[in-house]
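Visitor: Sharing a model that was predicted from the sequence below.
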There are 6 protein chains.
Amino acid sequence: MRFDEAYSGNIFIGSQQNFEEAEVVLYGMPMDWTVSYRPGSRFGPTRIREVSIGLEEYSAYLDRELHEVSVYDAGDIPLPFGNAPKSLDVIEAYVDEILGHGKMPLGIGGEHLVSWPVMKAVAKKYPDLAIIHMDAHTDLRVDYEGEPLSHSTPIRKIAEHIGPKNVYSFGIRSGMKEEFKWAKENGMHISKFEVLEPLKEILPTLAGRPVYVTIDIDVLDPAHAPGTGTVDCGGITSRELLASIHAISRSDVQVVGADLVEVAPIYDASEQTANTASKLIREMILGYTMTTKK
Amino acid sequence: MRFDEAYSGNIFIGSQQNFEEAEVVLYGMPMDWTVSYRPGSRFGPTRIREVSIGLEEYSAYLDRELHEVSVYDAGDIPLPFGNAPKSLDVIEAYVDEILGHGKMPLGIGGEHLVSWPVMKAVAKKYPDLAIIHMDAHTDLRVDYEGEPLSHSTPIRKIAEHIGPKNVYSFGIRSGMKEEFKWAKENGMHISKFEVLEPLKEILPTLAGRPVYVTIDIDVLDPAHAPGTGTVDCGGITSRELLASIHAISRSDVQVVGADLVEVAPIYDASEQTANTASKLIREMILGYTMTTKK
Amino acid sequence: MRFDEAYSGNIFIGSQQNFEEAEVVLYGMPMDWTVSYRPGSRFGPTRIREVSIGLEEYSAYLDRELHEVSVYDAGDIPLPFGNAPKSLDVIEAYVDEILGHGKMPLGIGGEHLVSWPVMKAVAKKYPDLAIIHMDAHTDLRVDYEGEPLSHSTPIRKIAEHIGPKNVYSFGIRSGMKEEFKWAKENGMHISKFEVLEPLKEILPTLAGRPVYVTIDIDVLDPAHAPGTGTVDCGGITSRELLASIHAISRSDVQVVGADLVEVAPIYDASEQTANTASKLIREMILGYTMTTKK
Amino acid sequence: MRFDEAYSGNIFIGSQQNFEEAEVVLYGMPMDWTVSYRPGSRFGPTRIREVSIGLEEYSAYLDRELHEVSVYDAGDIPLPFGNAPKSLDVIEAYVDEILGHGKMPLGIGGEHLVSWPVMKAVAKKYPDLAIIHMDAHTDLRVDYEGEPLSHSTPIRKIAEHIGPKNVYSFGIRSGMKEEFKWAKENGMHISKFEVLEPLKEILPTLAGRPVYVTIDIDVLDPAHAPGTGTVDCGGITSRELLASIHAISRSDVQVVGADLVEVAPIYDASEQTANTASKLIREMILGYTMTTKK
Amino acid sequence: MRFDEAYSGNIFIGSQQNFEEAEVVLYGMPMDWTVSYRPGSRFGPTRIREVSIGLEEYSAYLDRELHEVSVYDAGDIPLPFGNAPKSLDVIEAYVDEILGHGKMPLGIGGEHLVSWPVMKAVAKKYPDLAIIHMDAHTDLRVDYEGEPLSHSTPIRKIAEHIGPKNVYSFGIRSGMKEEFKWAKENGMHISKFEVLEPLKEILPTLAGRPVYVTIDIDVLDPAHAPGTGTVDCGGITSRELLASIHAISRSDVQVVGADLVEVAPIYDASEQTANTASKLIREMILGYTMTTKK
Amino acid sequence: MRFDEAYSGNIFIGSQQNFEEAEVVLYGMPMDWTVSYRPGSRFGPTRIREVSIGLEEYSAYLDRELHEVSVYDAGDIPLPFGNAPKSLDVIEAYVDEILGHGKMPLGIGGEHLVSWPVMKAVAKKYPDLAIIHMDAHTDLRVDYEGEPLSHSTPIRKIAEHIGPKNVYSFGIRSGMKEEFKWAKENGMHISKFEVLEPLKEILPTLAGRPVYVTIDIDVLDPAHAPGTGTVDCGGITSRELLASIHAISRSDVQVVGADLVEVAPIYDASEQTANTASKLIREMILGYTMTTKK
């Protein structure tokens, strides 16, 4: 019983609160105000942390334990409700600072638009950046019903920012005809429906490069992730997604940042989705830090 | 079997689709992007219409039937996701047009901020307007964490616009100390906790005046309306709310517009809240049009 | 550990399995095929029995315990799915037999139409029968969209069968204008909205008469019974319903049969409605048998 | 803002309301009164339309967009609650009329029994008809507990009507021993457990023939479709079902009608099942009309 | 953006983390292993803290704000799963220490048995202690099916420990006949069904005495608190419970400790119960500290 | 209509109530008091029986019907709430008696700790016993936070009791590093992630030996079994689990007892998990009894 130290409320299992020593900084981006269909991913980060207590600290996949990595759980970034432009500015500055301290940013969404300022910040530090993107949706729209800041646009923005040839999308099964056409015409890689097999082919071509990995939980089939805004059947299994994270972890790329977005707990009373996200975060922490040790 | 006429999908029971003949125009405002706590009221209008098929067209309270009033269900106003300023502009122009045709606007939210442009439009037409406001919350903030367009501000905006003395709030049980203070200092009426009894005292003082009635479903106790963003215990029963609508209907005010906001169906698997909202809308249609016949 | 006797699976708390000695016969009528809105009451009887294990056997209201009454739980009557006429015939014959053995039938629905054959059977044995009916709905339709066998018609049928003057409805808040008119013109009693107070006035006028009590759970406000087909706000509290059962129990009528219908568990994940129904059944057993002892 | 045209409430994405020009007629059959286990599929059509707004109009599988096909959403067929014989007559006459206009009927259930009158109507027009049936259950009973009109009987009825050799069932994993025996003895095709591989073998043998495709959503594993009356584990994935629809679409059969039945939204709070059904309907529209163009 | 200080995860709104300065210590007791019916209250404290962000810091009832009281949220006491005796020892030692520092313990359950060691600890410090107990159940059993450590026994234990005459129960509507009898014979106060009115009569008789207030959330009607283990209809409203807390706060007793137990979030998907509990905790903090200032 | 025989409430489909003639005894072990994360499996046995009415009695996999096996459903073993040591003693004595009568025990959990006394009882009768264990978790802890009786320990206990070389675990994907190490060092078999393929390799090596099969439902992916305490993504499909049960059934081992544990219905509103468990139990009854006939 120690009343003399701060109560560590709801932090991710195995993380700690010493920023200086941390290798990885975990942070939430509780924003969902531009989603066109079902909102609720603002509560993703909190719930994912909460259910992490049901996890083991050891990964039987990677034979690594959380205590081998030092992770600082920074909590959620405070964002102004309903103000997308300002929220994105806050996120970018926040990640700039994490990167400035030489730490790996590991973000939890929130809607997918939050990945845009993060990727922009990472690209500032790593000019040779490549993006690995796993998602059900292309997210390549220029705007959504006139709004350029929409959850349907982040991949388009980063593709235009660092060049479409540096962006690799996997598992895509939904989008407008125009989006697929734009990707094709501009040399952006899109693997439709599948993730693991095409990823294994791409990874060697990225050897040595800094890579940011952004995962929209809806790349999973709704059977595996019902708790998300836009459920879209025909997706991959959680086994394939775990194996894909492990494939990246064991490859020769250098993961310099990552996120997992679009977990919306309210649509999943069994909390299957949050628990799955929580395990995915653990594997990302354990696996992605393996790439930086080489 | 008639394939030669348009299928009237999901419209409110007893409404029809001839705008010209309509006395009342029913419309949805599916916006929830500035809420600070739980989003989801964007799906309120659709679900309220959908469950209206479980209603009778006759009110045993008012001894009136829906066919005695002609209501045009205009569907939902298309709003730009995540863009609050533009959404409010669209709503104001929309209601201007309804009023221009001499019809009563009856809106379904959406978050409470949608009432602000509606009330502004109504105030243009009726300079002597009074507002009757039933809610758990004061909604009198100047801004919410810096954002002036927030679901916590609509009553402050209209109070400053038409004068605080013309705004009457009932059932209020939550707010900041400053909000209550501002109301008191500026002569705005706030009845804490209770609705029906203080309303009965106020109504005669408003006799003959045009009145806009805005109801946040969370004025009901969560027992009666669990499906809303911010559940706040200690509220009134649906009986008291029905009786309050009937009290207005039988009073000498002239209702020139009304709304019901903040129904968020996802938080209520039993659909109790949507069904209740649906019955409230029926009573508003039948009751408020009684005031315009006098 | 006794393997030599049958396992009594899911029976109502405090009931037993010796038919001969039973004073009351409890039985389920798992039928919901004529409901116009939300089906599911077929699972009412099973769930109500299941949750009864959460009850005490003692009533702090009546100061009686279940072991003071002998109740036989006969399980559910097997009914042909989707065939309303045949189902009603099966129910009537079943209740005839219960009455033939001199026992009190206590039925659990199922939709309200199941009460019609029960009341018909009871009326055969007790020509002077009066009906006490608590419900949100009149249930006085001649037919529903052409179907004479509908959950909207049972009270009309019994009223025409034994004479409208012998039927007393309480708590009614929904119906067609024609239904209220028919009741008024034919001398049938309808108390709108309220139950306890008007019931207390009626009971003395029924002193000494055999009475059948039929309760539709939707007489309760949806706050108290969300798990039913047609939730209709503005209803009474469970306190008022308990007090009404107790008022009957302590009156001078002779309860000769009763039912509780329209619990549809799927619409209430908290199982509040089934638990409430279960307590109401306990109070009916303990209370109604007090009237037959006099 | 246009108040001069009817509000098209809840219609399937990409459909329109001009019957004359339509190639495909989409209609709901909201009947569930003969189901033996869990009812609720009556709300399937409405919810499937409602969630279709979350879909893209483009299929990345077929490289086709909804605007390439003209679909008329006719809404739900009004059916008499609880009266199975009359409901089936109404459906048959309705589909006769669609076929009389030379359009493809695409129905949404409701329980599986609704497919029987549809298939009967289609067989009148196409004497050489073959049935492709995907389901967890044989649905080959003569009756269910004595009732010949039951959700367990439609395939038996059409098999006896057009000859068992013309019926091909896939994915079957549940039924009575007698049903499998009857199929075997009468030359009806049943592929147990699997759909895609056996279908690919059968399709060439049906080249040139008119085919009606009836899909019970429970052919999917409950992981992929929890929102149905009878969840039965061991089923196929939504990927396999999508691929099966695509295999038919690219084959040399001529699809002359189709349906998707047994979506019961209440059992799936995440709305995964309705969203999946909605995507399946889009693929059916885009794919099956490819077969009629050849 | 400050990475140099600990992230304050999930703490109750308005609380802080400096133990030394705190007047009130808030702590969770996440134990539910002796409940006989529905478990799940172990997640009560976490969820109640989580939803507290939806609260205002100002009470419109008491005209006080949280910053006027210093509260230390100590998090949950770590308890050994499934071991009741050890858990109770840990709790007692924990509360001893809080009291040793001269602070008011305010506990969140967890099942009601957790109140027993707390009350024992408080009684050590305040020999003249009286207990105010609000509950649906007597909780006066000697044991439950042979187990003396059960959620049905805490009030019996404290009554025997400090003398039954010092225990006052309110709102009781369920229990065994023997429990009511024991209370009566031993001079313990039980107000059946009602809380506020009898409480107002008792409070003056306790003037000047140290009082511990233990509230089982199921004293509320299930309409107001569906998320609890044993829902028992016929309870009080949240209004009455709020008013009761306020009555104590304004009385002349001295509240020296308090708890709120039995919130089980899983049974309430709308989170109404946790939100209500959260508001009750705020009112307890603001109100009970008023009694210690006198 | 037969009132002269006991109503067989909630028993598993196809089972009966004559203990003497039974080959298999089915019993529930409704205990969940040592689980560290989400409780609720105490309601597993009841719900699994309840939903079994949706099953066919015929297995299309094994071509066998339930009437070919005589099963006695003994109901749930009464266990003292919250007292783990006593509960385990009661279970062991209970299973001793079943085995003494020469019948096969088939248990339904309840948490996994209940398997420990069952396996101990079975090992007394069959000294050459081997254990087949399918689970997401190793369950090889010595204790859990100091408690030796925990749901994390049963496999360690039986492994130490009969020798680690006689225990075969499949599908394991979570555990502490130490647990995997202990298994390896002591010659216990663990197949990580996979079940069917490694099982097929092991089975021939166990030919002729008595085998107890214990299945934790969480060996399934959460997509297939969301209703369990600890959902852990990356698991197997229900198809693979069915095939694994069938592989055992057709092998040359002799199944002398079995269980299925950890179904917690409250976390799965669609009741998919209970329905799946119910089908698994049917296949176990039909399949495992095939091994004893040889």
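Guide: That came through fine.
Visitor: Now A:Y212: which helix or strand?
Guide: Element membership for A:Y212 (DSSP states H and E) is strand A:210-216.
Visitor: My error: substitute A:S169 in the last question.
Guide: Short version, using DSSP H and E: A:S169 is in strand A:167-172.
Visitor: quick one: the strand holding A:Y212 near chain F?
Guide: No - using CB under 8 Å from any CB of the partner chain, strand A:210-216 stays clear of chain F, with a minimum separation of 13.4 Å. For glycine as for every other residue, the C-beta is placed from the backbone atoms N, C-alpha and C.
Visitor: that older thread, dump the strand holding A:S169 to CSV, keeping only the CA atoms.
Guide: Extracted C-alpha coordinates of strand A:167-172, given in CSV (Å, rounded to 0.1, in the frame of the first residue of the first chain):
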residue,chain,number,x,y,z
VAL,A,167,3.0,4.2,-50.5
TYR,A,168,2.0,0.5,-50.4
SER,A,169,-1.6,-0.4,-49.6
PHE,A,170,-2.7,-3.9,-48.7
GLY,A,171,-6.1,-5.7,-48.1
ILE,A,172,-8.1,-3.0,-50.0
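Visitor: how close does A:S191 get to A:H133?
Guide: As defined by CB to CB, to the nearest Å, A:S191 lies at a distance of 10 Å from A:H133.
Visitor: what comes into contact with stretch A:230-237?
Guide: Stretch A:230-237 is contacted from outside by A:37-38, A:136-137, A:171, A:173-174, A:193-196, A:218-225, A:262, A:267, D:54, D:224, D:238-239, D:242, D:270-272, D:275-276, D:279-280, F:221, F:223, using CB atoms under 8 Å, 6 or more residues apart in numbering or on different chains.
Visitor: Keep only the residues you listed that also lie close to chain B.
Guide: Restricting those to those adjacent to chain B (criterion: CB under 8 Å from any CB) gives A:38, A:267.
Visitor: SS state for A:G107?
Guide: The local conformation at A:G107, judged by DSSP: H, G, I helix; E, B strand; the rest coil, is strand.
Visitor: To which secondary structure element is A:E160 assigned?
Guide: helix A:154-162.
Visitor: List the contacts of whichever residue of the stretch 151-294 of chain A sits closest to chain E.
Guide: Scanning the stretch 151-294 of chain A for the residue nearest chain E gives A:A269, at 5.8 Å (criterion: CB to the nearest CB). Contact partners of A:A269, counting by CB under 8 Å, 6+ apart, are C:269, D:269-270, E:269, F:267, F:269.
Visitor: ok, the spatially most central residue of chain A - contacts?
Guide: Among the residues of chain A, the one closest to the centroid is A:D259, at 2.0 Å (CA atoms, centre = their mean). Counting by CB under 8 Å, 6+ apart, A:D259 touches A:29, A:105-109, A:114-115, A:118, A:213-215.
Visitor: So which bits of the stretch 151-294 of chain A are right by chain D?
Guide: The stretch 151-294 of chain A has residues A:172-177, A:180, A:192-193, A:221-224, A:226-227, A:230-234, A:267-269 near chain D, with proximity defined as CB under 8 Å from any CB.
Visitor: one more time with 10 Å
Guide: For the stretch 151-294 of chain A, the residues in contact with chain D (CB under 10 Å from any CB of the partner chain) are A:172-180, A:190, A:192-193, A:221-237, A:264, A:266-270, A:272-273.
Visitor: count of neighbours near the closest residue to chain B within the stretch 101-250 of chain A?
Guide: Minimum separation of the stretch 101-250 of chain A from chain B (CB to the nearest CB) falls at A:E147, amounting to 5.4 Å. Residues near A:E147, counting by other CB atoms under 10 Å in any protein chain shown, number 19.
Visitor: wait, isn't it in contact with A:T153?
Guide: Yes - using CB atoms under 10 Å, A:E147 is in contact with A:T153, at 8.4 Å.
Visitor: shared neighbours of the two, anything?
Guide: Common contact partners of A:E147 and A:T153 (CB atoms under 10 Å, 6 or more residues apart in numbering or on different chains): A:34, A:141.
Visitor: so how far is A:I217 from A:A277?
Guide: For A:A277, the distance to A:I217 equals 6 Å [CB to CB].
Visitor: Determine the residues that are contacts of both of these two.
Guide: Here A:A277 and A:I217 have A:44, A:109, A:225, A:227-228, A:260-263 as joint contacts, going by CB under 10 Å, 6+ apart.
Visitor: from those, which ones fall inside strands?
Guide: Of the shared contacts of A:A277 and A:I217, the ones assigned to strands by DSSP state E are A:109, A:260-261.
Visitor: show me the contacts for A:M119.
Guide: Contact analysis of A:M119 by CB under 10 Å, 6+ apart lists A:92, A:95, A:129, A:131, A:133, A:154-155, A:157-159, A:161-162, A:167, A:212, A:214, A:257, A:259.
Visitor: Let's see that with 8 Å instead.
Guide: Shown in contact with A:M119 (CB under 8 Å, 6+ apart): A:129, A:131, A:154, A:158, A:161-162, A:212, A:214, A:257.
Visitor: In chain A, where's the longest helix?
Guide: The helix that spans the most residues within chain A, counting by DSSP state H, is helix A:272-291.
Visitor: Which residue does chain A have closest to chain C?
Guide: Closest residue of chain A to chain C, CB to the nearest CB: A:A269 (7.7 Å).
Visitor: for that residue, phi and psi?
Guide: Main-chain torsions, A:A269, degrees, to the nearest 10: phi -60, psi -20.
Visitor: The closest residue to A:T138 other than its chain neighbours and chain F: what is the separation?
Guide: In space, and not counting its chain neighbours, A:T138 is closest to A:G175: 3.3 Å by CB to CB, 6 or more residues apart in numbering or on different chains. A:G175 is 24 Å from chain F, where distance means CB to the nearest CB, to the nearest Å.
Visitor: Now do A:G175: how many residues are near it, please.
Guide: 26.
Visitor: and A:V142, helix, strand or coil?
Guide: Criterion first, three-state DSSP; result for A:V142: coil.
Visitor: Pull up the gap between it and chain F, please.
Guide: For A:V142, the distance to chain F - CB to the nearest CB - is 35 Å.
Visitor: list the contacts for the residue nearest to that residue when sequence neighbours are not counted?
Guide: Excluding its sequence neighbours, the residue lying closest to A:V142 (CB to CB, 6+ apart) is A:R156, at 6.3 Å. A:R156 makes contact with A:139-142, A:179, A:182, according to CB under 8 Å, 6+ apart.
Visitor: Could I have the buried ones of the residues you listed as ChimeraX selection syntax?
Guide: Here is the ChimeraX command that picks out the buried ones among the contacts of A:R156, judged by 16 or more other CB atoms under 10 Å in any protein chain shown:
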select /A:139,140,141,179,182
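Visitor: In CSV: the contacts of A:R156, plus pLDDT.
Guide: CSV is the format used below for those (pLDDT from 0 to 100):
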residue, pLDDT
A:D139, 96
A:L140, 96
A:R141, 94
A:V142, 92
A:E179, 97
A:W182, 98
